[in-house]
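Enquirer: Coordinates for the following, if possible.
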Amino acid sequence: MASTESRFIALMRALAPDPAARALADDAAVIAFGGETLVITHDMMVEGVHWLRGQDEADVAWKLIATNMSDLAAKGAEPVGVLLGYALGPDDARFALGLGEALAAFGVPLLGGDTVTAPALARSHGLTALGRATCDPVPSRGGARPGDGVWITGPVGAAMLGFEALRDNVTGVDTSAFRRPAPRLREGRLLAPHVGAMMDVSDGLLIDAQRMAVASGATLAITSAQVPFPESLPAARRHHAMTWGDDYELLFTLPANRAPDCIAHAIGSVEVFCGHSILVDGAVPQGPLGYAHN
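Expert: You can find the predicted model right below:
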């Protein structure tokens with residue numbers, strides 16, 4: 001059954017016929033503007049959904065920047081600037097500190113935005129990121145072709161483990177993948193001229209692979225033994241890790257005879273559509289494939 005989110009996006013799709021919107025089926029809008037191509041994306045984060053209540057606001061700010069930078073990375077774009085939508089709260093100084101650290105780390109300026117006073121129940125922040133395309137055409141989710149290899153730039157599951165450690169107050173666990181993800185901007189620029197399709201993994205490897213497959217009209221066949229996971233992840237939790245999300249690695253396809261120009265892991269292949277968009281170890285995966293706003 002379709003989620004509330006997917007039903008709403010379907011309503012919005014009818015209102016977004018401009019080619020720059022890419023049918024609302026991509027990580028960002030792509031707009032030809034003068035002699036440049038602009039890449040524009042917007043992400044929101046909600047307290048209690050994207051960060052834990054009581055979590056350091058400096059980490060919240062970092063993650064808000066990083067998730068938007070990850071969308072730019074999926075297009076191979078160079079960051080140009082960001083616009084912030086911010087709900088005022090008790091830790092504004094900590095948020096500003098983390099924001100400054102992220103802006104410096106990713107080499108992107110703050111250009112403006114808006115602030116509001118929000119009810120105390122659950123705060124939310126939004127960020128619009130603008131980038132400059134570095135290749136033509138700009139990669140999309142829809143370019144995977146039968147015979148291509150399926151690749152990912154790094155492991156899935158570290159954010160899940162970090163979240164659980166923070167939630168349960170477990171010490172001695174590296175929580176940085178959840179608190180301060182590292183968008184693959186450099187890798188995105190290296191890969192963009194050569195990939196068939198590319199997107200970032202934000203809602204879970206399996207659901208994002210399914211989205212790429214649907215956009216491409218193909219089947220993505222994943223081999224779970226080839227998917228990279230953190231060494232500390234128990235083998236019994238690997239399927240959960242592939243559906244949890246918040247990894248912000250790049251998922252991409254390349255022709256079978258081409259190797260990527262950065263560190264990456266081959267995890268499967270693109271096949272002619274077989275009636276199912278995604279297969280894991282030759283079978284249709286059961287249960288939820290990833291995170292969805294219901």
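
Enquirer: Could you pull up the residues touching residue 269?
Expert: Contact analysis of residue 269 by CB atoms under 8 Å, 6 or more residues apart in numbering lists 147, 148, 149, 150, 220, 221, 256. Backbone N, C-alpha and C define where each C-beta goes, glycine included.

Enquirer: what do you get if the cut-off is 10 Å, keeping everything else the same?
Expert: Under the criterion of CB atoms under 10 Å, 6 or more residues apart in numbering, the neighbours of residue 269 are 144, 146-150, 218-223, 253, 256, 279.

Enquirer: What's the ChimeraX syntax to select whichever of those are buried?
Expert: Buried residues among the contacts of residue 269 (16 or more other CB atoms under 10 Å), as a ChimeraX selection:
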select :144,148,149,150,218,219,220,221,222,253,279
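
Enquirer: Give me the subset of the contacts of residue 269 that lies in strands.
Expert: Among the contacts of residue 269, DSSP state E puts 149, 150, 218, 219, 220, 221, 222, 253, 279 in strands.

Enquirer: which one among these gets closest to residue 6?
Expert: Minimum distance to residue 6 across the ones in strands among the contacts of residue 269 is 18.9 Å, recorded for residue 220 (CB to CB).

Enquirer: Could you export the ones in strands among the contacts of residue 269 as a markdown table, including distance to residue 4 and pLDDT?
Expert: Formatted as a markdown table, those follow (distance: CB to CB, whole Å; pLDDT from 0 to 100):
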| residue | distance to residue 4 | pLDDT |
| --- | --- | --- |
| 149 | 35 | 98 |
| 150 | 29 | 98 |
| 218 | 27 | 98 |
| 219 | 27 | 98 |
| 220 | 25 | 98 |
| 221 | 30 | 98 |
| 222 | 27 | 98 |
| 253 | 30 | 98 |
| 279 | 27 | 98 |
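
Enquirer: if we can go back for a sec, of all the contacts of residue 269, which comes closest to residue 110?
Expert: The closest of the contacts of residue 269, once distances to residue 110 are taken by CB to CB, is residue 253, at 34.4 Å.

Enquirer: Give me the buried positions along the helix or strand harbouring residue 239.
Expert: Using DSSP states H and E, residue 239 sits within helix 238-244. Going by neighbour count (16+ other CB under 10 Å), the buried part of helix 238-244 is 239, 241, 242, 243, 244.

Enquirer: Can you list the neighbours in contact with it?
Expert: Helix 238-244 is contacted from outside by 155-161, 163-164, 201, 203-209, 222, 224-225, 227, 229-230, 233-234, 237, 247, 267, 280, 285-291, using CB under 10 Å, 6+ apart.

Enquirer: From these, keep the buried residues only.
Expert: Buried subset of the contacts of helix 238-244 (neighbour count, 16+ other CB under 10 Å): 155-161, 163, 201, 203-209, 222, 224, 227, 229-230, 233, 247, 267, 280, 285, 289-291.

Enquirer: Break down the protein into its strands, ranges please.
Expert: Under DSSP E, the chain gives strands at 29-33, 36-46, 78-88, 110-117, 124-132, 149-152, 198-200, 218-222, 250-254, 265-272, 278-280.

Enquirer: The fourth one to strand 124-132, inter-axis angle?
Expert: Meaning strand 110-117. Inter-element angle recorded for strand 110-117 and strand 124-132: 160 degrees (by axes from the mean of the first three to the mean of the last three CA atoms, to 10 degrees).

Enquirer: angle of strand 110-117 against strand 78-88?
Expert: Interaxial angle of strand 110-117 relative to strand 78-88 (the same axes, to 10 degrees): 20 degrees.

Enquirer: got it, and the first one?
Expert: Taking the same axes, to 10 degrees, strand 29-33 and strand 78-88 form an angle of 120 degrees between their directions.
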